[in-house]
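In: Return atomic coordinates for the entry below.
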Amino acid sequence: MGLRMPSTGQQEVVLRSLILALICAVAFSTRLFSVLRYESIIHEFDPWFNFRATRVLVERGSYDFWNWFDGRSWYPLGRIVGGTVYPGIMYTAATMYHALHAFGFNVDIRDVCVLTAPFFSGLTALAAYALTQSVADTSAGLLAATFISIVPGYISRSVAGSYDNEGVAITALLVTFWLFVRAVKTGSLLASLAATLSYLYMVAAWGGYIFIINLVPVYVLVMLAAGRYSRRLYIAYNTFYVLGTLLSMQIRFVGFNAVQSSEHLGAFGVFGLINLYAAVGWVRSFTSERVFRAVGRLLVVTALAIAGVAAFFGTVTGYIGPWTGRFYSLLDPTYASKNIPIIASVSEHQPTAWGSYFFDLHALTFLTPVGLYFCFRNPTDENLFIIVYGAFAIYFSGVMVRLMLVLAPVAAILSAIGVSATLSTYMRVLRAPPAEAVAAIVSSAPARTAVGEDVSGAESVVSSATSPQSGLRHRAGAQSSSSPSTATSSGKRSKPPGSQARRRRVAEDSGSPSPSPSGSSFDSLPPTHRRDVAAIMVLGTIVLLILYVRHCVWVTSEAYSSPSVVLSARGRDGERIFFDDYREAYYWLRQNTPEDAKVMSWWDYGYQLSGMANRTTIVDNNTWNNSHIATVGRAMNAPEPQAYAIARKLDVDYVLVIFGGVVGYSSDDINKFLWMVRIPGSVDPSVHEKEYLSTQGSYVVDSRAGKALKKSLLYKLCYYRFDEMSTVAGQPPGFDRVRNAVVGVKDIKLKYFEEAFTSENWIVRLYRVKKPDDLGWM
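Out: Predicted structure coming up:
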């Protein structure tokens, strides 16, 4: 017996599985540039704390992790880690670590942390495929998986070494949305429960879960306003909200905030509204119209009155927490700069520049509106969810550059829908047989005009074969068009099956269920010209996608694969130059200072100091205590004697500053100095920013610099001995390559601090705080 060939459906499943496996492999391998070019190392700042916490979890267990008091941070306050952290990524990496060891792979926990985000990027591609397939079709799902696997807006947070919460949270975000859409589509209680569990993981992984718990209620509101209420929607949302809220309260960092904070009240309000809507419908089902109006009005007014009274007393008594500063910043981008400088000082909290959209999304920037158009053309329950998601993500990404991460997945999904629909439309035109062939096929059939058959059907076949239709509805239309006509009229013979089958095959080949709307400029073209236009559209789309892939690979390689602790640049001959000053300085601290040494720096470097140098820090990236950060900022902007008094009060042994004037590194402390003035100024009225500016009101470091700036500790520590350096040929010594100016104060003398270490390229500078002797002399 010969081998049985698999069916077409089985072949499609195998091919689809192979494509998805290849997409996952591409998603993983694209994010390995940093490992191949540098080494297996943790990137940025926040990931260093996550890595340090994961090591505690792996080495000491869950009990010690939840009860861990970190005495090496926020000295002398310390930090209770268990109640101030989202533990999702730590437990994920620890689970992967133990699983690998159980199978005999003795890997280091650092390598597991480095590769966690690339591994989850493959799962994110699968989640994007599942969500898009539920909304559109399989081809759009495959395109969405491809787009999201390499989109720079997502790669920026999931490259190897970026061991940050977002690396696993975006996967949970898409899985939650997919399962919730599935629950709305099918009314399945099991799908609702699965969406709740995915939401629990999202809550455990990232504070961005607030986006989910506000987006889903808005979608339910849109459904109610559009008259699309159904029992499926009722089951999906009530299950999701009730169980999701109860489960999210089990995360210690969230706790009762899930029912008390203002950010969660919208979900609770929609929960009450949908139940009120259902109650009104239930009353209407067994009462007359007159009674229903009276009872329904009473029911609505009573419910609104109870909700209003509860909201009032909850706010007055403090049970309902106020809106946070970050929430106000999302509504008003200028709020943080006016009221909360600690939030405004974070670069990723700034409004997004237009160029960032093209840099992080490239072609998806232009394809996203195309996807929205096709979704609006076919407003199903699933499409409405994607529309709401897209609208919210587009708005919030413009308010805060960090939220470009939330836009990237839905941009990939909408772009995939748009590209799939466009290609399906014009590929049907290209696949359709030429007009002459269709006419020949029809003319070869026996003439039946005598029995009333219209021979002009050939013209309609040709027209339908070259008319583009909406790509989102062509499958259902093809099914309806393929059903044969069985109607017969009195005195006329029914059409022979052979003729019907022949015409049906021609219609199926054209893929067009019905003629396109009259008046279309495309339809007015001759058939040959339609094929030319279709060919141009298909070719243009392919070229655009090729450019998209090229851009994504380039951005990943050059912009998002460089760890912040190892800097790189291109020399004049194109050779890559590495600056390893951070690790050089941290290693020096680890080897040449006592284990209990306290290091004062700006809060940006706290996590790295704790993780790499293993030394106690005064402030770090958690930024939970604004006044403590203001104290450090005051020490940096104050004259040396006053700064020394603050350093002694905090029991500081070393001061670390970052200076880029020698090599042109712009992310140094001099460029961050005004935030060291604004943050203390928000708590200390004696600090005035204008005193640190020039007489023209500009921030400069040359001879025009403000008097307070020239006397500040940070200015002295950065430019100490800098007037001895020749940085640019043709410029005098002391020329700052970042500010393009010669330092305003030369021959700087220090009385209370002494230079302890300066890295090779002067990027990291460490100063020892002098201790007075027994007589109080320095």
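
In: Share the number of residues neighbouring the nearest residue to Pro639 once chain neighbours are set aside, please.
Out: Ranked by CB to CB, 6 or more residues apart in numbering and with sequence neighbours excluded, the top spatial neighbour of Pro639 is Lys711, at 4.5 Å. Every C-beta, even on glycine, is put in place using the N, C-alpha and C of the backbone. When neighbours are defined as other CB atoms under 10 Å, Lys711 has 19 of them.

In: My guess is Lys711 contacts Asn637. True?
Out: No: under the criterion of CB atoms under 8 Å, Lys711 makes no contact with Asn637, lying 9.4 Å away.

In: where do the contact lists of those two overlap?
Out: Both Lys711 and Asn637 lack any common contact, where contact means CB atoms under 8 Å, 6 or more residues apart in numbering.

In: what's the following helix or strand after the helix or strand hosting Ile387?
Out: Using DSSP states H and E, Ile387 sits in helix 381-399. Counting by DSSP H and E, the element after helix 381-399 in chain order, helix or strand, is helix 404-431.

In: Okay, angle between that next one and helix 381-399 too, please.
Out: Counting by axes from the mean of the first three to the mean of the last three CA atoms, to 10 degrees, helix 404-431 lies at 130 degrees to helix 381-399.

In: How far off centre is helix 404-431?
Out: Centroid displacement of helix 404-431 relative to its chain, using CA atoms, centre = their mean, to the nearest Å, is 20 Å.

In: now stretch 197-212
Out: Relative to the mean C-alpha coordinate of its chain, stretch 197-212 is positioned 13 Å out (CA atoms, centre = their mean).

In: Report the buried residues of that stretch.
Out: For stretch 197-212, the neighbour count (16 or more other CB atoms under 10 Å) marks 197-206, 208-212 as buried.

In: Where is pLDDT lowest across the residues you listed?
Out: Ranked by pLDDT, those bottom out at Gly208, which has 90.

In: Identify the residues contacting the residue lying closest to it once chain neighbours are set aside.
Out: Closest residue to Gly208 apart from its sequence neighbours, by CB to CB, 6+ apart: Ala169 at 6.0 Å. Listed by CB under 8 Å, 6+ apart, the contact partners of Ala169 are Gly88, Met202, Ala205, Trp206, Gly208, Tyr209.

In: so where does Ala169 fall, helix or strand?
Out: Per DSSP H and E: helix 166-186 holds Ala169.

In: any idea of the mean pLDDT in that helix?
Out: pLDDT averaged over helix 166-186 gives 96.

In: residues contacting the residue nearest the centre of the chain?
Out: Centroid check for the chain by CA atoms, centre = their mean gives Leu405 as the closest residue, at 1.8 Å. With contacts defined as CB under 8 Å, 6+ apart, Leu405 is in contact with Gly153, Tyr154, Ser156, Arg157, Glu166, Ile170.

In: I'd say the first one and Ala408 touch.
Out: I take that to be Gly153. Yes: using CB under 8 Å, Gly153 is in contact with Ala408, at 3.3 Å.

In: Find residues that contact each of the two.
Out: With contacts defined as CB under 8 Å, 6+ apart, the residues shared by Gly153 and Ala408 are Asp360, Leu361.

In: can I get the CA coordinates of the helix holding Ile387 in CSV?
Out: This file holds the C-alpha atoms of helix 381-399, laid out as CSV (Å, rounded to 0.1, in the frame of the first residue of the first chain):
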residue,chain,number,x,y,z
ASP,A,381,-17.2,42.7,18.9
GLU,A,382,-13.6,41.6,18.4
ASN,A,383,-12.7,44.4,16.0
LEU,A,384,-14.2,47.0,18.5
PHE,A,385,-11.8,45.7,21.1
ILE,A,386,-8.8,46.2,18.8
ILE,A,387,-10.1,49.7,17.9
VAL,A,388,-10.4,50.7,21.6
TYR,A,389,-7.0,49.2,22.4
GLY,A,390,-5.4,51.0,19.5
ALA,A,391,-7.0,54.4,20.3
PHE,A,392,-5.9,54.2,23.9
ALA,A,393,-2.4,53.1,23.1
ILE,A,394,-1.9,55.8,20.5
TYR,A,395,-3.0,58.5,22.9
PHE,A,396,-0.9,57.3,25.9
SER,A,397,2.2,56.7,23.7
GLY,A,398,2.1,60.4,22.7
VAL,A,399,1.9,61.5,26.4
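
In: starting at the chain centroid, how far to it?
Out: The answer for helix 381-399 is 13 Å, by CA atoms, centre = their mean.

In: quick one: Ile618 from Thr92, how far?
Out: Distance from Ile618 to Thr92, counting by CB to CB, to the nearest Å: 31 Å.

In: now Ser192
Out: Ser192 sits at a distance of 24 Å from Thr92 (criterion: CB to CB).

In: now Thr556
Out: In terms of CB to CB, Thr556 sits 23 Å off from Thr92.

In: Let's see the distance spanning stretch 130-147 from one end to the other.
Out: Across its full length, stretch 130-147 reaches 14 Å between end residues, using CA to CA, to the nearest Å.

In: What residues of it count as buried?
Out: Applying 16+ other CB under 10 Å to stretch 130-147 flags 130-137, 139-147 as buried.

In: for stretch 173-192, same thing?
Out: Applying 16+ other CB under 10 Å to stretch 173-192 flags 173-185, 187-188, 191-192 as buried.

In: In helices only, show me the buried residues of stretch 197-212.
Out: Cross-referencing the buried residues of stretch 197-212 against helices under DSSP state H gives 197-205, 209-212.

In: closest to Val56 among these?
Out: Set against Val56, the nearest of those by CB to CB is Ala204 (16.9 Å).

In: shouldn't that closest one be in contact with Pro87?
Out: Yes: using CB under 8 Å, Ala204 makes contact with Pro87 at a distance of 5.9 Å.

In: Now list whatever residues contact both of the two.
Out: Ile251.

In: just the strands in the stretch 501-650 of the chain please.
Out: With strands called from DSSP state E, counting those that start in this stretch, the stretch 501-650 of the chain shows them at 567-570, 576-579, 598-600, 616-617.

In: Name every strand pairing with the last one and say which way it goes.
Out: Okay, so that is strand 616-617. Neighbouring strands of strand 616-617 in its sheet, by DSSP bridges, are strand 598-600 (parallel).

In: if we look at the strand it pairs with, which residues are touching it?
Out: Applying CB under 8 Å, 6+ apart, the set of residues contacting strand 598-600 is 75, 589, 609, 613, 615-618, 632, 635, 647, 650-656.

In: just the buried members of the residues you listed?
Out: Among those, those scoring as buried are 75, 589, 609, 613, 615-618, 632, 635, 647, 650, 652-656 (criterion: 16+ other CB under 10 Å).

In: and the residues you listed, which of them are in helices?
Out: Leu589, Val632, Ala635, Ala647.

In: now the host helix or strand of Tyr277, how far from the centre of its chain.
Out: Secondary structure from DSSP H and E places Tyr277 in helix 265-285. Relative to its chain's centre, helix 265-285 lies at 32 Å (CA atoms, centre = their mean).

In: tell me which residues in it are buried?
Out: For helix 265-285, by 16+ other CB under 10 Å, it's Leu265, Gly266, Ala267, Phe268, Val270, Phe271, Leu273, Ile274, Leu276, Tyr277, Val280.

In: Who are the packing partners of it?
Out: With contacts taken as 3 or more CB pairs under 8 Å, 6 or more residues apart in numbering; DSSP states H and E, helix 265-285 sits against helix 209-225, helix 231-248, helix 289-317.

In: Kindly reformat those helices as TSV containing distance to Ser415.
Out: Shown next, in TSV, are the helices and strands packed on helix 265-285 (distance: least, CB to CB, whole Å):
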stretch	distance to Ser415
helix 209-225	19
helix 231-248	27
helix 289-317	40
